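A.B. asks: Sequence first, predicted model second:
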Amino acid sequence: MTTLITGIALLATQHPEHGEIADAAIVLDGAHIAWVGAATSAPAADERIDVGGRAVIPGFVDSHAHLVFAGDRTAEFNARMAGTPYAAGGIHTTVTATRAASDVRLRANTARLAAELLAAGVTTFECKSGYGLDVGTERRSLLVAAEFTGETTFLGAHVVPRGVSREDYLDLLVGPMLDACAPHARWVDAFCEAGAFDADETRVVLTAGAARGLGIRLHANQLTAGPGAQLAVELGAASADHCTHLSDADVDALAGSDTVATLLPLAEFSTRSPYPDARRLLDAGVDVALATDCNPGSAYSTSMPLAVALAVREMRMTPAEAVHAATAGGARALRRKDIGAIAPGMCADLLVLDAPSPVHLAYRPGVPIVAQVWRAGSRVM
Ligand SMILES: [Zn+2]
């Protein structure tokens, strides 16, 4: 079954060979893209859909989200907006609620957020554990995450839970917890930050995860300058996430590596903190992704369009760079070659925007301009 999509005012493929095509058409063949080009030279197909002069971009790839949790942190947000600074310790509140929640409750919460992501145009998302911090809850968090995505990440190294010594928790992390969790995860992650894990601890956890076949990602340099970004490069991580406080040496290390810098402006927005400087990274040649960081503490939003708008307004990215980072950039941060761009052979994940150009994602902040979502060749929204 082939489908010809016409009436595309502007197709921003995010693919180096195809670039941007005005008055474009796309042919889908099942779950994949079969053809892209000018509408005037489009081949015939079994069915034809006219999107009426709208822009089309790839589905967003959200490479950083924490969706499996219970409870919320309204009170903490309220206090922060009244002047209390964000600190890593608020995670304990969510850990208590998550441990107490049933699988049914965790699944329902995750399903609600996954549906929000889809409505915002996210066709692939990564999902972390990290609110269990005991063997059973970390394992069931990953089992719930795996019901919604293949991009599951073991984040037992989120913080040291209350009532356990650092030494004992590290032994648990790289021993029984990793044994229980590695079969259900694609990635291992750690929160390398003052108040969470230092460089040596982070290296031990990530190396142990890699030895079980997991790919490495890392929360780095979010709240303070620190060793995370260079450690990510040293360990060959797919992504160093946050990258808000970077030295020149950090930027140089990222630029000379395959590690993507994943920027999470919804976290800075929601914690009223200084944004990372995307322009500095892009000018140095660093590969940049944008993601939501959706989590109940520091960024309770599933809006990739808002992340794009913030990246443009606050982080000195052009609209085209921000859209690229939210699609192709996210795919690179997940080391995926089948998503994040619109080109023959790639997965047919695409968004029809209720706008003539993707610039409107930044130009019209907060407006729901994702009109249609196609995933694996089917219209799902
Ligand atoms: Zn995070």
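C.D. replies: The structure has been received and is ready for your questions.
A.B. asks: How far off centre is the helix or strand where residue 320 lies?
C.D. replies: In the assignment (DSSP states H and E), residue 320 maps to helix 319-324. Centroid separation between helix 319-324 and its chain, computed with Cα atoms, centre = their mean, to the nearest Å, is 15 Å.
A.B. asks: can you check stretch 266-277 too?
C.D. replies: The answer for stretch 266-277 is 16 Å, by Cα atoms, centre = their mean.
A.B. asks: Give me the three-state assignment for residue 28.
C.D. replies: When classified by DSSP: H, G, I helix; E, B strand; the rest coil, residue 28 comes out as strand.
A.B. asks: State the distance from it to residue 67.
C.D. replies: Going from residue 28 to residue 67 by Cβ to Cβ, to the nearest Å gives 28 Å. C-beta here means a position set from N, CA and C on the backbone, and glycine is covered the same way.
A.B. asks: Give the buried residues for the helix holding residue 320.
C.D. replies: Residues of helix 319-324 classed as buried by neighbour count (16 or more other Cβ atoms under 10 Å): 319, 320, 321, 322, 323, 324.
A.B. asks: Make sure the fourth one is actually in contact with residue 312.
C.D. replies: Yes - checked against Cβ atoms under 8 Å, the pair residue 322 and residue 312 is within contact range at 5.1 Å.
A.B. asks: hmm, back to that, what sits up against the helix holding residue 320?
C.D. replies: 12, 14, 57, 278, 282, 288, 290, 308-309, 311-312, 358-359, 361-363 (Cβ atoms under 8 Å, 6 or more residues apart in numbering).
A.B. asks: check contacts around residue 191.
C.D. replies: By Cβ under 8 Å, 6+ apart, the contact set of residue 191 is 88, 130, 155, 157, 158, 159, 197, 219.
A.B. asks: Now it: which helix or strand?
C.D. replies: Going by DSSP H and E, residue 191 is part of strand 187-192.
A.B. asks: Mean confidence (pLDDT) on that strand, please.
C.D. replies: Strand 187-192 shows a mean pLDDT of 98 in the predicted model.
A.B. asks: Any buried residues in stretch 352-372, and which?
C.D. replies: Buried residues in stretch 352-372, counted by 16+ other Cβ under 10 Å: 352-355, 357-362, 369-372.
A.B. asks: Now do the helices in the stretch 251-381 of the chain.
C.D. replies: For the stretch 251-381 of the chain, the helices defined by DSSP state H, counting those that start in this stretch occupy 265-271, 278-284, 304-315, 319-324, 330-333, 360-363.
A.B. asks: buried sites along the third one?
C.D. replies: This means helix 304-315. Neighbour counts over helix 304-315 (16+ other Cβ under 10 Å) mark 304, 305, 306, 307, 308, 309, 310, 311, 312, 314, 315 as buried.
A.B. asks: Just the buried residues of the longest helix anywhere in the chain, please?
C.D. replies: Of all the elements of type helix in the chain, the one with the most residues (DSSP state H) is helix 103-119. By neighbour count on 16+ other Cβ under 10 Å, the buried set for helix 103-119 is 106, 107, 109, 110, 113, 114, 116, 117, 118.
A.B. asks: Out of those, the closest to residue 139 would be?
C.D. replies: Of all the buried residues of helix 103-119, residue 106 has the smallest distance to residue 139: 11.9 Å, by Cβ to Cβ.
A.B. asks: What sits closest to that closest one if chain neighbours are left out?
C.D. replies: Leaving aside its sequence neighbours, residue 106 sits nearest to residue 144 (Cβ to Cβ, 6 or more residues apart in numbering; 4.9 Å).
A.B. asks: is it true that the one you found lies in a helix?
C.D. replies: Yes - the assignment for residue 144 (three-state DSSP) places it in a helix.
A.B. asks: Distance-wise, check it relative to residue 152.
C.D. replies: 9 Å.
A.B. asks: now stretch 289-299: how far from the chain's centre is it?
C.D. replies: From the chain centre to the centre of stretch 289-299 is a distance of 8 Å (Cα atoms, centre = their mean).
A.B. asks: what about residue 28 and residue 67, which has more around it?
C.D. replies: Per other Cβ atoms under 10 Å, whichever of residue 28 and residue 67 has more neighbours is residue 67, with 29 against 24.
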